[in-house]
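*Asks:* Sequence and computational prediction follow.
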Amino acid sequence: MSLPQVQAGTSLSIPFFEGTFEEVQAAARQQNRPYMVWFYTDWSEECHEMETQTFTDPDLGAFVSKHLLAFRVNAESVQRGGMALASTYTISLYPTTIVFSPEDKEIGRFSGMVPPAAYMLELSSILAPEPVVPAAPALIYRVQTGVFSSLSNVETERAKLHNKYQVDTEVVKISQNEKTLYKIQAGPFESREAAESFRQHFYLTEKRNCFITESKP
């Protein structure tokens, strides 16, 4: 059974090298970059799934583009030296990925159908000490200027903040001792420093205590 082709309109995100194995080795040495070799076969359904589900992922493609060169070869074809390479590196499971240093030393390998996020982590662990660390979500900073029980006071405060200080506002409705209260928060501000600058300005102008709040997006 032949491996189905990637569906029309689906493009691979990984920039696989189009030349020969020797050429990708030379490029890796010249650029001082590690490189990966992906061994596949025509009959492996897992190879097909890798092409349609893993190698189309844009985040994985961006990671590979940044960190290493990529080369793929049919392990059962004489084209591009596939059979010889599979024999040289003792490939028995498909698909298999091998990562090499710029000096052509094998530094890691893994096999099987691997989803995009897990594939990136596998590469990252091999390419250490640059692991993939998810970025911490940025905090949202606001300045709470008051708490009111009357909606008319809420609107007065919001109008003052908008007209006098040119800041956006958010109203947070809370319940306390069976009473409905409204917290007025100015912002959001792009950083804690910006929020602190506004807090000090508001306090000096209005002679009223206020404080910074932090929340996740």
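*Replies:* Yep, it's here.

*Asks:* contacts and neighbour counts: CA atoms only from here.
*Replies:* OK.

*Asks:* burial measure for residue 152, as a count.
*Replies:* Counted by other Cα atoms under 10 Å, the residues lying close to residue 152 total 10.

*Asks:* would it count as being in a helix?
*Replies:* Yes: applying DSSP: H, G, I helix; E, B strand; the rest coil, one finds residue 152 inside a helix.

*Asks:* where in the protein is pLDDT low?
*Replies:* 1-10, 129-137 (pLDDT under 70).

*Asks:* got the residue ranges for the strands in it?
*Replies:* 35-40, 69-74, 96-100, 106-111, 140-148, 169-176, 179-189, 211-215 (DSSP state E).

*Asks:* which one of those lies closest to residue 57?
*Replies:* Closest approach to residue 57 among the strands of the chain is made by strand 69-74 (14.8 Å; Cα to Cα).

*Asks:* contacting residues around that closest one?
*Replies:* Strand 69-74 is contacted from outside by 14-18, 21, 24, 28, 33-42, 64, 80-83, using Cα atoms under 8 Å, 6 or more residues apart in numbering.

*Asks:* what about 7 Å?
*Replies:* 15-17, 28, 34-41, 80, 82 (Cα atoms under 7 Å, 6 or more residues apart in numbering).

*Asks:* Determine which two of the residues you listed are furthest apart.
*Replies:* It's 28 and 41 that sit farthest apart of the contacts of strand 69-74, by Cα to Cα, at 24.7 Å.

*Asks:* Please identify, among the contacts of strand 69-74, the one with the most neighbours.
*Replies:* Among these, residue 40 has the most neighbours (other Cα under 10 Å), with 28 neighbours.

*Asks:* Show me what it bridges to in the sheet.
*Replies:* Beta-bridge partners recorded for residue 40 (DSSP bridges): residue 74.

*Asks:* what sits against it?
*Replies:* Contacts of residue 40 by Cα under 7 Å, 6+ apart are 47, 73, 74, 75, 94, 95, 96.

*Asks:* Which parts of the protein are helices?
*Replies:* For the chain, applying DSSP state H gives helices covering 21-31, 45-49, 58-67, 82-88, 116-126, 151-165, 192-206.

*Asks:* any idea which of those helices is most buried?
*Replies:* helix 45-49 (a mean of 19; mean count of other Cα atoms under 10 Å).

*Asks:* Run the chain-centre distance for that helix.
*Replies:* What separates the centre of helix 45-49 from the centre of its chain is 24 Å, taken as Cα atoms, centre = their mean, to the nearest Å.

*Asks:* go on, stretch 28-38?
*Replies:* 23 Å.

*Asks:* likewise stretch 151-158?
*Replies:* Counting by Cα atoms, centre = their mean, stretch 151-158 comes out at 41 Å from the chain centroid.

*Asks:* With stretch 141-151 instead?
*Replies:* 36 Å.

*Asks:* tell me which residues in that stretch are buried?
*Replies:* 141, 142, 143, 144, 145, 146, 147 (16 or more other Cα atoms under 10 Å).

*Asks:* With distance to residue 181 added, can I get those in TSV?
*Replies:* Below are these laid out as TSV (distance: Cα to Cα, whole Å):
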residue	distance to residue 181
141	21
142	18
143	17
144	13
145	14
146	10
147	7
